[in-house]
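**Q** got a sequence here, can you build the structure:
(chains A, B, C and D)
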Number of protein chains: 2
Amino acid sequence: MQKAERITMLKEERFQVILNQLGQDQKVLLSGLSDILKVSEDTVRRDIKELADQGLLKSVRGGAVPHAPGPHNFKDRVEYGNDQKKVIANKALRFLKDGQVVIFDGGTSAMLIAQALPKDIRLTVVTNSFPIASILEEHDKVEVLFAGGRLLKSSFVTIGHETIQYFKKFRADICFFGICSIHSELGVTGPDYEESEVKRAMVESSREVIALSTIEKLGTAEAYYICPTNQLTTIVTDQPDDMSDFNIYKEMGIRMV
Amino acid sequence: MQKAERITMLKEERFQVILNQLGQDQKVLLSGLSDILKVSEDTVRRDIKELADQGLLKSVRGGAVPHAPGPHNFKDRVEYGNDQKKVIANKALRFLKDGQVVIFDGGTSAMLIAQALPKDIRLTVVTNSFPIASILEEHDKVEVLFAGGRLLKSSFVTIGHETIQYFKKFRADICFFGICSIHSELGVTGPDYEESEVKRAMVESSREVIALSTIEKLGTAEAYYICPTNQLTTIVTDQPDDMSDFNIYKEMGIRMV
DNA sequence: GTATATATTGCAATAATTTGCAGTATTAAA
DNA sequence: TTTAATACTGCAAATTATTGCAATATATAC
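**A** Residues are numbered from 1 along each chain as shown, chains lettered A, B, ... in the order given. Alright, predicted model coming up:
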């Protein structure tokens, strides 16, 4: 510690820088951050560990990678791609019918669907997302079944073994699935291990699986496997459904919207 | 305090300056504020602590950063100002130690305890209450395990078989127990069937059971049985502990506070 | 008005946290 | 296996936080 310098940077500022950097590059290196922040690599390592404990990123050897898709501050994420996602959410709505049992995952796309739900629809909703449960408070005819588990404070969803077990008990009509990577051969994949595990359980408990995706996520893959692509029954995107890329999926019996 | 100078700056003025500065720079330093406000760093620190208690900012080492509220609003629904209950909540706090596993029930009393928790306490909290989970968002060292089940929208707690099963898996150190009726012979009872079932599971999973009660609930009973009175280890009330009524319970080995 | 209680503030001593560094263990790659 | 990089551990120095206390200011009662 150099008394002479007195560069006063709060730990929280470093956190902010790290998360920003991470949102921008999808990865950060200890060496790079140490350089930018003018602190030792040890300190960066400790910072990353702390952020990882909060579930805001994932610590890996030599640096860190994002824990959740897209931007990493929840508040930002809600607004991110809002219009685009709203379009998708409204398209997805038409698949819902009165009396169905529906699983919502914890992503922001599913939140937008929940927000777009008519106030008087009658549903049973199974979810692991606090925000979604909160949104559904005003829907008198919607029964909410909430999956228990360890609370991930960054996104306010529950994860872990308990959560998975909870979903496995159901046989839902529809599962709405936040934006993941979809690849015709590699299947549906996600960037986070635990979340992907939960999503797999959701898929396996649903008769119909509707994946919400943006065009740039189609044909890409990430680290953690969720399910084979042909387990999806519908893919909802914001693009017109006459694109050539879609044929691969259509041939697998998946409806494109 | 300099008598010669007589610069009388009210505490509220300092608060205003601090908050302005914070809004402008997204951070404030103790050193900087001490300089601007012409008061010692200790005073600034105390000011920041007070503002943090009001939730207007977040106190961090060396200064403060803006308070970032999450995407949920359960916290706001907490009814403030029940002084009687606040007194009880503060009395109950002293039983908590770092590292313990604690069960909180869904009542408002337990909520007040959660609110009174020091921000840096290290705990594992098991609960079925959304508001409590929400309150604990800011407690970085508190791990929240949430019990799944059917969501009761009126009070935002989960209930039912699943919830009970979840609690049964734990062996907690302490269970905090909202205000129920306590009768020396009829036991602890509650007004709602399902909630009482859940509470019974909570009690059975805890080594120590601390019941919060007001004096008028002692010696009364309600429709649904929860547990025998002697299963309680402590009863916390807002009354001085020398009342004759207390002896009945003391003789059962229950500590009265 | 005075006197007493209450709250605020600064100061000093002590406790806790943060940070960098050095040494050691562990991991990944050649 | 060997080698280089990364991670972990303990420790010391610097910084910050907490606590008790005394001095002063403010409020309240008399």
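**Q** ok, residue A:32 to DNA strand C distance?
**A** 15 Å (C-beta to the nearest atom of the strand, to the nearest Å). C-beta here means a position set from N, CA and C on the backbone, and glycine is covered the same way.
**Q** show me what contacts residue A:207?
**A** Neighbouring residues of residue A:207 by C-beta atoms under 8 Å, 6 or more residues apart in numbering or on different chains: A:171, A:172, A:173, A:174.
**Q** that's a strand at it, yeah?
**A** Yes. Using DSSP: H, G, I helix; E, B strand; the rest coil, the secondary structure at residue A:207 is a strand.
**Q** helix or strand for residue A:173, which one?
**A** Taking DSSP states H and E as the definition, one finds residue A:173 inside strand A:172-177.
**Q** tell me the strands beside that strand, with direction?
**A** With DSSP bridges as the test, strand A:172-177 is paired with strand A:101-104 (parallel), strand A:206-212 (parallel).
**Q** residues from the stretch 1-150 of chain A in reach of DNA strand C?
**A** Residues of the stretch 1-150 of chain A found near DNA strand C (C-beta under 7 Å from any atom of the strand) are A:1, A:11, A:14, A:38, A:39, A:40, A:42, A:43, A:46, A:47, A:61.
**Q** residues in contact with the third one?
**A** If you count contacts by C-beta under 8 Å, 6+ apart, residue A:14 has them with A:37, A:39, A:43, A:44, A:47.
**Q** identify the single longest helix in chain A, thanks.
**A** Identified as the longest helix of chain A according to DSSP state H is helix A:11-25.
**Q** show me what contacts the one residue in the stretch 1-150 of chain A that gets nearest to chain B?
**A** Taking C-beta to the nearest C-beta, chain B has its nearest neighbour within the stretch 1-150 of chain A at residue A:148, 3.0 Å off. Contacts for residue A:148 (C-beta under 8 Å, 6+ apart) come out as A:158, A:162-163, A:166, B:145-149, B:158, B:162-163, B:166.
**Q** out of these, name the ones that lie in helices.
**A** Here DSSP H is the test, and the contacts of residue A:148 give A:162, A:163, A:166, B:162, B:163, B:166 as lying in helices.
**Q** could I get those as JSON lines with neighbour count and pLDDT?
**A** Output for the ones in helices among the contacts of residue A:148, formatted as JSON lines (neighbours: other C-beta atoms under 10 Å in any protein chain shown; pLDDT from 0 to 100):
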{"residue": "A:162", "neighbour count": "21", "pLDDT": "91"}
{"residue": "A:163", "neighbour count": "28", "pLDDT": "93"}
{"residue": "A:166", "neighbour count": "24", "pLDDT": "93"}
{"residue": "B:162", "neighbour count": "21", "pLDDT": "91"}
{"residue": "B:163", "neighbour count": "28", "pLDDT": "94"}
{"residue": "B:166", "neighbour count": "25", "pLDDT": "93"}
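**Q** now the helices for the stretch 101-250 of chain A?
**A** A:108-116, A:130-135, A:161-168, A:193-204, A:246-250 (DSSP state H, counting those that start in this stretch).
**Q** what pLDDT is listed against the nearest residue to residue A:190 once chain neighbours are set aside?
**A** Among residues not flanking residue A:190 along the chain, residue A:196 sits closest, at 4.0 Å (C-beta to C-beta, 6 or more residues apart in numbering or on different chains). What the model reports as pLDDT for residue A:196 is 85.
**Q** okay but residue A:196 is in contact with residue A:227, surely?
**A** No. Residue A:196 is not in contact with residue A:227 according to C-beta atoms under 8 Å; the separation is 9.5 Å.
**Q** so can I have a markdown table of the helices of the stretch 101-250 of chain A showing distance to residue B:247?
**A** Output for the helices of the stretch 101-250 of chain A, formatted as a markdown table (distance: least, C-beta to C-beta, whole Å):
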| stretch | distance to residue B:247 |
| --- | --- |
| helix A:108-116 | 54 |
| helix A:130-135 | 45 |
| helix A:161-168 | 43 |
| helix A:193-204 | 52 |
| helix A:246-250 | 75 |
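**Q** okay, the strand holding residue A:173 in PDB with CA atoms only?
**A** C-alpha atoms of strand A:172-177 as PDB (Å, rounded to 0.1, in the frame of the first residue of the first chain):
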ATOM      1  CA  ALA A 172     -46.800 -29.700 -17.600                       C
ATOM      2  CA  ASP A 173     -48.500 -28.800 -20.800                       C
ATOM      3  CA  ILE A 174     -46.000 -26.200 -21.900                       C
ATOM      4  CA  CYS A 175     -42.600 -25.000 -20.900                       C
ATOM      5  CA  PHE A 176     -41.400 -21.600 -21.900                       C
ATOM      6  CA  PHE A 177     -37.800 -21.400 -22.300                       C
END
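**Q** how near is the residue of the stretch 1-150 of chain A closest to chain B to residue B:113?
**A** Residue A:148 sits 21 Å away from residue B:113, going by C-beta to C-beta, to the nearest Å.
**Q** again with residue A:26
**A** Here residue A:26 is placed at a distance of 41 Å from residue B:113 (C-beta to C-beta).
**Q** over to residue A:149?
**A** Separation of residue A:149 from residue B:113 (C-beta to C-beta): 23 Å.
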